[in-house]
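Q: Can you look at this prediction? I've put the sequence above it.
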Amino acid sequence: MPLLAASPGKKENKTTAPAEALPTLSLEGLPGVWLQGTPVKEWEKDKVYIFEFWATWCGPCLAAMPHMEQLHQAFKDNPRMQIVGVNVMDRKTPEALKEFIKNRPSPLNYTMAVDVDGKKTKEKWLDPLEVNGIPHAFAVKNGQLIWRGHPAQLSEEIMQAMLRPDFSAASLPAKGPDAGAHEWQHYRETSQKVRDLVEKDGKQGVQALLKQIQDSGKFPQDQVIQMKMIPFLVLAEQGKFEEAQSVLNDVSGEYPDNYRVQIDIAGTLMEGKSVPAGKMDAALVERCLARCIEILRKSNKEASLPWRMMAELRERQGNMKEALQDMEKALSLTSISKAWTKLQELSGTTETFQSLMDQAAAEIKPEPPRKKQELGPVQEDEQYTPLFSKLDWVNHPALTGLPSGKTVFISFWRWTPAQGGMWSDGAPGRILDVVLKKYGLLDHPGIKAVVLDVIPADKKQVQEYLDSPEGWTAYPVGVPSDRSVVDLFESLKLESFPAAAVIRDGTLLWAGEIKRMPEWVAETARRDSFDKNQFAEEDAKRKARQQAMQAVIKKSFELRREKKFDEYKKLIEENAERFADDGWFASTVAEIQAGEAWKEKDYQKVADILDQVLTRFPKEDSLASYLLKILNGSDEMRGYNYQAARHALQIMKDSNTRDDGGYNAACYEVMMKMAMEKKDYAQAKKDALNALRELPLMHQYVAMKKKQAEA
């Protein structure tokens, strides 16, 4: 079905090939629309063009962009080198892409273009060279493709080599399957040398080695910068905070136009994990943030992050008036504010964004603080009593077993002081709280939870973290001194975090990634009574049905791979009713039905079919996200997908398990823009208010205003 977009999951990472084995690239493949920078119209003699192919939906592409910007900064004054980002396989308009680039957290100043309909770059360059996934990059010289690979493989050293007349990709060091591992090992070994020298001789004693590292050209700039930051970390660990911060001051001065360096230094100090708040060099933080703001202004871009951080700095200094002014500036630079300005233009109204902020502030009510969970009596058993008795317990005197007569969620959590406190799951039990809230189980009298740390740790350090606002949890946390929790984790066949096991009356109901917990688990947990025999029968039926469905799915994949589409369609339709209560299967049936409607150009029917699936599965946010991509997958659908797409976005917002109000705000903002496109301006205003009310930055602003009022 033409609605389906290319999968972002498939990555292209071809190895470097000799230049003579690669073709000449036709000028017909140059993108047709240029978003910023100098357009490429012809191949200038001996000039090297680096083309980086990306899309807005491609996370690895976005992660590679700051690296490309660093390379651009290194070569921006060299007329024989130009970096060009080309948006491909995307559905956004050039105007939307300009806004997207403008709102990136790090400024992007290199040339940007878009292959609007895939008829140029994709058809003339990417398809013939079998580039099926992104990010990917080409290097072109005199029209000849001289290098191709992942953008992260590019370095200043390689690009300098490309400028030489005798350059050949074959002359580059071979990138075997273990090349990345060897490079990473070399970086780690060199970093350890830096650390050892700082520990021995301090800041001055390591300067010669750092200069040698920079001059060698063996490391990309971002790794060089990271190694220059190591003296700060070591000296801070030694309590030499003034000397440590002088390291950051030097790095800041060495890279005055590098936004990422400046924002990272400010963020590192304000975070307070390396340098206590009372020892923080506020003047250095302010200089870094001021540089960030100036860097953005020079490129005619402004972002809310440095203004928000400046507001936080002013708040710490007790200057609430300026803190609020800076926070208002930060809010005025959000995409919601820009969409609001557009709404005023389209609707012919003149309501200010400050007015919208005042309305949102009035509606934001802080949630009452949660209390520590009361566990009640526990029951001893052969499995959990021996384990729990070995653990050090925080937030509870000691536990010898699971709470009796309750459904108990065991949340597995990782902690390591080496990473500044935590890994993966954030504060213990935080994602569990989000999922319990989604199913109406948070603080339910029949539901209890405990958190088990997987990695052995120091109880005192864990306690200090749990006593902080970011680490607070309502649940008891068990800290092991050996592999006991790891053994339990593995015995449950768990593989990823954040994970949980659900137990009732000694019976394991379910174990898995907590965000993927099925609804039947919540339904079982809500029951006043629990019959083990009845559950065993239900569970056996579920597993048998799951096996049967997996067999059908496997067969369907085989038929599609063999391009036996009629047989595939027949198989799915024959099993449609049998597996009608499964979201994935229901959506597959809907795709087939929508495909028939698509052939008939009945786009309203396509939207209605997909909306029916959304109605049947109102709590499956991943399904809603998938169907939204189909609904927005073509220009033909834009006039018919309004209600269904809004429905999908509402489900995504209501079922959000990301513990991120920014995600909720983004859902409302997309609804707002759709309403504007539909000229439903009254609805767009409601969406804007909802988006702003969900935005974490807005909650921070409200808290500041309250603090000022109480002062």
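A: Right, received. Where do you want to start?
Q: CA only for contacts and neighbour counts going forward, please
A: Noted.
Q: Val109: helix or strand, and which one exactly?
A: Actually, residue 109 is Asn rather than Val. Per DSSP states H and E: Asn109 is located in neither a helix nor a strand.
Q: Check whether it really touches Lys301, as I assumed.
A: No - Asn109 lies out of contact with Lys301 (C-alpha atoms under 8 Å); the separation is 9.7 Å.
Q: Would you agree Leu442 is in contact with Leu432?
A: No - checked against C-alpha under 8 Å, the pair Leu442 and Leu432 is beyond contact range at 9.1 Å.
Q: Between the two, which is the more surrounded one?
A: Set Leu442 next to Leu432 and count neighbours by other C-alpha atoms under 10 Å: Leu432 wins out with 25 against 15.
Q: CA atoms of the helix or strand hosting that one as CSV?
A: Under the criterion of DSSP H and E, Leu432 resides in helix 430-438. The C-alpha coordinates for helix 430-438 follow below in CSV (Å, rounded to 0.1, in the frame of the first residue of the first chain):
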residue,chain,number,x,y,z
ARG,A,430,9.2,6.1,38.2
ILE,A,431,8.2,4.4,35.0
LEU,A,432,6.2,1.9,37.0
ASP,A,433,4.3,4.8,38.5
VAL,A,434,3.5,6.0,35.0
VAL,A,435,2.2,2.6,33.9
LEU,A,436,0.2,2.1,37.0
LYS,A,437,-1.4,5.5,36.6
LYS,A,438,-2.2,4.7,33.0
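Q: Burial check on Val84, number of neighbours?
A: Val84: 25 surrounding residues under other C-alpha under 10 Å.
Q: In contact with it, which residues are there?
A: For Val84, the contacting residues are Tyr49, Ile50, Phe51, Glu52, Tyr110, Thr111, Met112, Ala113, by C-alpha atoms under 8 Å, 6 or more residues apart in numbering.
Q: mind checking pLDDT for the third one?
A: If I follow you right, that is Phe51. Phe51 is assigned a pLDDT of 96 by the prediction.
Q: how about Pro397, what does it touch?
A: Neighbours of Pro397 in contact, by C-alpha under 8 Å, 6+ apart: none.
Q: One more: the one 10 residues further on?
A: Each residue near Thr407 by C-alpha under 8 Å, 6+ apart is listed here: Gly446, Ile447, Lys448, Val502, Ile503, Arg504, Asp505, Ala525.
Q: and the last one, how many neighbours does it have?
A: Translated: Ala525. Residues within reach of Ala525, counting by other C-alpha under 10 Å, total 23.
Q: Can you tell me the closest non-neighbouring residue to it?
A: Spatial nearest neighbour of Ala525, excluding adjacent residues (C-alpha to C-alpha, 6 or more residues apart in numbering): Thr407 at 5.8 Å.
Q: Show me what the one you found is bridged to.
A: Following DSSP bridges, Thr407 is listed with bridge partners Ile447, Arg504.
Q: do you know how far it is from His444?
A: 10 Å (C-alpha to C-alpha, to the nearest Å).
Q: do Val251 as well
A: 52 Å.
Q: Mark out where each domain of the chain begins and ends.
A: What automatic domain parsing lists as the domains of the chain is 19-171, 191-336, 378-530.
Q: Pipe the ones you listed into a markdown table and attach distance to Lys342 per row.
A: Formatted as a markdown table, the domains of the chain follow (distance: least, C-alpha to C-alpha, whole Å):
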| stretch | distance to Lys342 |
| --- | --- |
| domain 19-171 | 12 |
| domain 191-336 | 10 |
| domain 378-530 | 34 |
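Q: Tell me which of those sits nearest to His647.
A: domain 378-530 (17.3 Å; C-alpha to C-alpha).
Q: so how far is the closest one from its chain's centroid?
A: Distance of domain 378-530 from its chain centroid, counting by C-alpha atoms, centre = their mean, to the nearest Å, is 25 Å.
Q: Quick one: end-to-end distance for it.
A: Distance between the boundary residues of domain 378-530 (C-alpha to C-alpha) amounts to 17 Å.
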